[in-house]
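> only the shape, not the letters, is given here:
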């Protein structure tokens, strides 16, 4: 790795993509910005990486002879500070997580504009030159006081850490990156972060090395609760109502669990506590003064990232859920149904789709008002949720109509569930402010068989016809198409 400080237009960039047009477009767009080389497969890319020093490597994810991830890993192995970018038309959460792990700075989805690409490359070159200057200063150890050298190291560490965090807004991935960085910088056995922000209430734990059992994590967190997580609901945690995720450590070495009281740092934004970071070490563990200083800076930095991730999760959840009932909305239902159809086609499995409609709902609204009508809808949702499995998808299809997707369910099982829903809804009137409101539902059921695929719209249409057949036959019943 060269540590000479370059000018931006002296930086070497490699583009790896099997589409000649893409390579040509990128080369043309960036030719005045840096020195661009291109190739069409992983073998040629690996050879170039071995023989030359590249400042930035851009790779398609799917190459004819290997994964683009393999190319980027090779570039990172040769030079830990090479800037890595992915340009792909085949994005997934799995590849995004792997990209974060190896330090990819940009994850761009095709089709993309050359303006966007150029902006990301300019940032990558700036990052590369920043690191080269930092390394050059670090290598002049005889000319730099130890405290200044340590400070430069902390700055560059924070810079790299921030790049990892910015690549993903998914809360679990952000937490994994945070805990991994904390474990790498301190002599802890394991660390835990608890978050209560924007309707996100979750805990995450990670040992420094090896694998930590969920029971050990729960025990340790519970014993430290009043010190570490007093802002969160302890009873909900005891009842397993607060989610806890335990990540694996960085290495395969054996993890040794020890009870200890943690060192706790608060996560806060604008003086409002949104979480805590708890560091568990061996008996007598305590960070040094310099480590404490770095951890305080780090927690101040990550607090805003955590809040931003929680806001993003909250916004996505609102976009996918019905505002009145909190269950999946119409859009989310169609996404879930498409995924279930694809899974059934792939596995040759069977699932059921039921459409559920509240009988004479207009009469309820006309008689008791829309406030009571909304309460009836919420009552139905609560009752149905109590009768279905966690794997089932219950969604508000529109108005007083609902959809229920029943994975891995045969016709008889789906029919029995539909009969139970009809029976239990009709058996108990809804009581609202001393007003008794009896109501019933009609259900139409259509089965999907993976070895006999059909279009999604036809499946929904069959369930809809069956539901109207239930109404025509007297309501409060299920009809199977």
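Yes, it's here. Worth saying up front: this structure is predicted, and the values here are computed from it rather than measured.
> phi first, then psi, for residue 249.
Dihedral angles of residue 249 (phi, psi; degrees, to the nearest 10) stand at phi -70, psi 180.
> give the contact list for it.
When contacts are counted by CB atoms under 8 Å, 6 or more residues apart in numbering, residue 249 touches 183, 190, 206, 207, 208, 209, 210, 211, 212, 255. C-beta: built from backbone N, CA, C; applies to glycine.
> quick one, what contacts the last one?
Contacts here follow CB under 8 Å, 6+ apart; on that basis residue 255 touches 189, 190, 207, 209, 210, 211, 212, 249.
> can you tell me how far residue 87 sits from residue 74?
17 Å (CB to CB, to the nearest Å).
> just to revisit the earlier point, make a ChimeraX selection of the buried ones in the contacts of residue 255.
In ChimeraX syntax, the buried subset of the contacts of residue 255 is picked out as below (16 or more other CB atoms under 10 Å):
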select :189,190,207,209,210,212,249
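> please identify the buried residues of stretch 284-299?
Here stretch 284-299 shows 285, 287, 291, 294, 295, 298, 299 as buried, counting by 16+ other CB under 10 Å.
> which SSE is the fifth one in?
Under the criterion of DSSP states H and E, residue 295 resides in helix 289-320.
> so what touches the following helix or strand past that helix?
For helix 289-320, the succeeding helix or strand toward the C-terminus, using DSSP H and E, is helix 330-347. Outside helix 330-347, the residues that touch it by CB under 8 Å, 6+ apart are 319-321, 328, 349-351, 353, 393, 395-398, 403, 405, 407, 448-450, 453, 456, 459-460.
> which of these fall within helices?
319, 320, 456, 459, 460 (DSSP state H).
> just the buried ones out of those residues, please.
The neighbour count (16+ other CB under 10 Å) marks 320, 459, 460 as buried among these.
> mind pulling up the pLDDT for the closest residue to residue 228 other than its chain neighbours?
Nearest non-adjacent residue to residue 228, counting by CB to CB, 6 or more residues apart in numbering: residue 278, 4.2 Å away. pLDDT for residue 278: 93.
> likewise residue 375?
pLDDT, read off for residue 375, is 94.
> contacts only, for it.
Taking CB under 8 Å, 6+ apart as the test, what residue 375 contacts is 430, 432.
> got the phi/psi numbers for it?
Dihedral angles for residue 375 - degrees, to the nearest 10 - are phi -70, psi -40.
> give the buried residues for the helix or strand that contains residue 377.
Using DSSP H and E, residue 377 maps to helix 370-385. Using 16+ other CB under 10 Å as the test for burial, helix 370-385 gives 372, 373, 375, 376, 377, 379, 380, 381, 384.
> can you list the low-confidence ranges for the protein?
1-5, 90-98, 100-101, 135, 137-170 (pLDDT under 70).
> which parts of it belong to which domain?
8-139, 169-319, 330-480 (automatic domain parsing).
> and the second one, how far out from the chain middle?
On the basis of CA atoms, centre = their mean, to the nearest Å, the separation between the geometric centre of domain 169-319 and that of its chain is 17 Å.
> for stretch 118-129, same thing?
26 Å.
> what does stretch 24-40 give?
33 Å.
> quick one: the helices in the stretch 151-300 of the chain, in order.
171-185, 214-223, 225-228, 234-238, 289-320 (DSSP state H, counting those that start in this stretch).
> residue 87 and residue 74: who's more crowded?
Set side by side, residue 87 and residue 74 show more neighbours around residue 87, with 22 against 17, by other CB atoms under 10 Å.
> look up which helix or strand that one falls in, please.
Assigned by DSSP H and E, residue 87 falls in strand 83-88.
> what strands line up against that strand, and which way round?
strand 56-60 (parallel), strand 106-109 (parallel) (DSSP bridges).
> measure residue 259 to residue 104 for me?
39 Å.
> actually, residue 295.
Counting by CB to CB, the gap from residue 295 to residue 104 is 26 Å.
> before we move on, the earlier item: out of the strands paired with strand 83-88, which one sits most buried?
strand 56-60 (a mean of 27; mean count of other CB atoms under 10 Å).
> quick one: contacts of that one?
11-19, 22, 26, 34, 45, 49, 68, 71-72, 75, 82-88, 121, 124-125, 128.
> of the residues you listed, buried ones?
Among the contacts of strand 56-60, those scoring as buried are 11-17, 22, 26, 34, 45, 49, 68, 71-72, 75, 82-88, 121, 124-125, 128 (criterion: 16+ other CB under 10 Å).
> more neighbours: which of residue 259 and residue 104?
Taking neighbours as other CB under 10 Å, residue 259 and residue 104 compare with residue 104 leading, 24 against 11.
> make sure that one is indeed in a strand.
No - Residue 104: not assigned to a strand; according to DSSP: H, G, I helix; E, B strand; the rest coil it is coil.
> test my guess that it contacts residue 85.
Yes - with contact defined as CB atoms under 8 Å, residue 104 counts as touching residue 85 (6.5 Å).
> what bridges to the closest residue in space to residue 214 that isn't next to it in sequence?
Leaving aside its sequence neighbours, residue 214 sits nearest to residue 246 (CB to CB, 6+ apart; 5.4 Å). Applying DSSP bridges to residue 246 yields these beta-bridge partners: residue 205.
> quick one: residue 246 from residue 475, how far?
The value you get for residue 246 to residue 475, if CB to CB is used, is 49 Å.
> give me phi/psi at residue 123?
According to degrees, to the nearest 10, residue 123 has phi -70, psi -40.
> kindly report the same for residue 473.
phi -90, psi 0.
> cross-check the contact I'm expecting between residue 328 and residue 395.
Yes - Residue 328 is in contact with residue 395 according to CB under 8 Å; the separation is 3.7 Å.
> so what's in contact with these two at the same time?
Residues touching both residue 328 and residue 395 (CB under 8 Å, 6+ apart) are 322, 336.
> same drill for these two, tell me which one is more crowded.
Comparing residue 328 with residue 395 by other CB under 10 Å, the one with more neighbours is residue 395, at 25 against 22.
> who does that one bridge with?
The residues that residue 395 bridges to, once DSSP bridges is applied, are residue 328, residue 403.
> now it: how far from residue 334?
9 Å.
> in a markdown table: the contacts of residue 255, plus distance to residue 114.
A markdown table is the format used below for these (distance: CB to CB, whole Å):
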| residue | distance to residue 114 |
| --- | --- |
| 189 | 49 |
| 190 | 46 |
| 207 | 45 |
| 209 | 44 |
| 210 | 46 |
| 211 | 45 |
| 212 | 46 |
| 249 | 42 |
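> can you name the two of the contacts of residue 255 that are farthest apart?
Largest separation among the contacts of residue 255 by CB to CB: 189 and 211, giving 12.7 Å.
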